[in-house]
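>>> from the sequence below, what's the structure:
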Amino acid sequence: MAALPAELVARYLARLRVPPAPPSAAALVTLHRAHVERIPWETAWIHEDQAWGIAPTTSAARIATTGRGGYCFHLNGGFAALLDALGYHVTRHAGRVHGPDGLAADTPTNHLALIVSDLPTDDCPDGRWYVDVGLGDGLHSPTPLVAGPIEQPPFTMVLSALEARAWHLAHDPIGSFTGMAFSAGPTGLDVFAAEHVRLSTDPASNFVRYVVVKRRTADSVVALRGLNHVVEAPTGTTTTLVDDRGAWLDVLADELHIVPADPDHLWLRVLRAHEAWLSRSDV
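I've put the predicted structure just below:
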């Protein structure tokens, strides 16, 4: 993979509002927190009829220069490219997000996870960290790659070791997914190509059916799910219907840091998706 140009690294760090620093566990925490707090997980680009690839350099450039985010292949792909350029030892890993029925033989390879190595601390003696800025409502900070609970408000997650050199993240019951398993061995991004096409183009994909934008904070998750403004906080989850165009775009810009290229087009797509959702629901 081609290294990120120095100018692109500088612009990426500027968007994160993080100064350059040598690799360290503390610096990794700062970068990770800044990324999930400032770069949203989003499917809005699909509903703007944009076709995004998952090449890491392209993802990093988009994040650094356009004010947009993406989903896991873009966010973790771009972040890994940045970490590489900063001198971190980072590897990419094939993950499978699953629902309450658990993992199945046909659960697709639908997530890119990261492991950063060679950063030992008292809490992480072997220096290996599970890093993930691409789950939307997942980690706020990197966590040692060891089995046990992960307390990151408003969530309590659990990391466990699986057979065949794999790991599993069990999400909090209030999270948007049940769990995610990822391999211990590294992979290239080519393994995600087919699933990226399906997720971003298949009419049956929830990414195609609904506009969803999420951003992590220190103790909460802020999201737009269609017209619903959702805040998951330690005190509970609140959901507010935002059916005014101006108010909806204000939430998108002010709370989720996205300004669409064509607000009218995106707004119409959100309205249509909401109407379709109502027609399939009992509400």
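>>> how about the longest helix anywhere in the chain: buried residues?
Longest helix in the chain, counting residues (DSSP state H): helix 263-280. Buried residues in helix 263-280, defined by neighbour count with 16 or more other Cβ atoms under 10 Å: 263, 266, 267, 269, 270, 273, 274, 277. Quick note: C-beta positions are derived from backbone N, CA and C, even for glycine.
>>> and the pLDDT for the last one?
At residue 277 the predicted local confidence, pLDDT, stands at 79.
>>> and it, how far is that from residue 214?
According to Cβ to Cβ, to the nearest Å, residue 277 stands 18 Å off from residue 214.
>>> next: the fourth one.
Shown here: residue 269 relative to residue 214, a distance of 18 Å by Cβ to Cβ.
>>> and if you look at the third one?
For residue 267, the distance to residue 214 equals 19 Å [Cβ to Cβ].
>>> ok, residue 280 - contacts?
Contact analysis of residue 280 by Cβ atoms under 8 Å, 6 or more residues apart in numbering lists nothing.
>>> what element comes up after the helix or strand that contains residue 238 heading to the C-terminus?
Assigned by DSSP states H and E, residue 238 belongs to strand 236-241. As assigned by DSSP H and E, the chain's next helix or strand after strand 236-241 is helix 245-254.
>>> and that following helix, what does it pack against?
Packing partners of helix 245-254 (3 or more Cβ pairs under 8 Å, 6 or more residues apart in numbering; DSSP states H and E): strand 221-225, helix 263-280.
>>> what's stretch 6-14 in contact with?
Looking at what lies outside stretch 6-14 - Cβ under 8 Å, 6+ apart - the contacts are 4, 19-20, 57, 60-61, 63-65, 78, 82, 85-86.
>>> widest-spaced pair of the residues you listed?
For those, the maximum inter-member distance is 22.5 Å, found between 19 and 57 (Cβ to Cβ).
>>> those two - which one has more neighbours?
residue 57 (16 against 9; other Cβ atoms under 10 Å).
>>> wait, the more buried one touches residue 81, no?
Yes: with contacts counted by Cβ atoms under 8 Å, residue 57 reaches residue 81, the gap being 6.1 Å.
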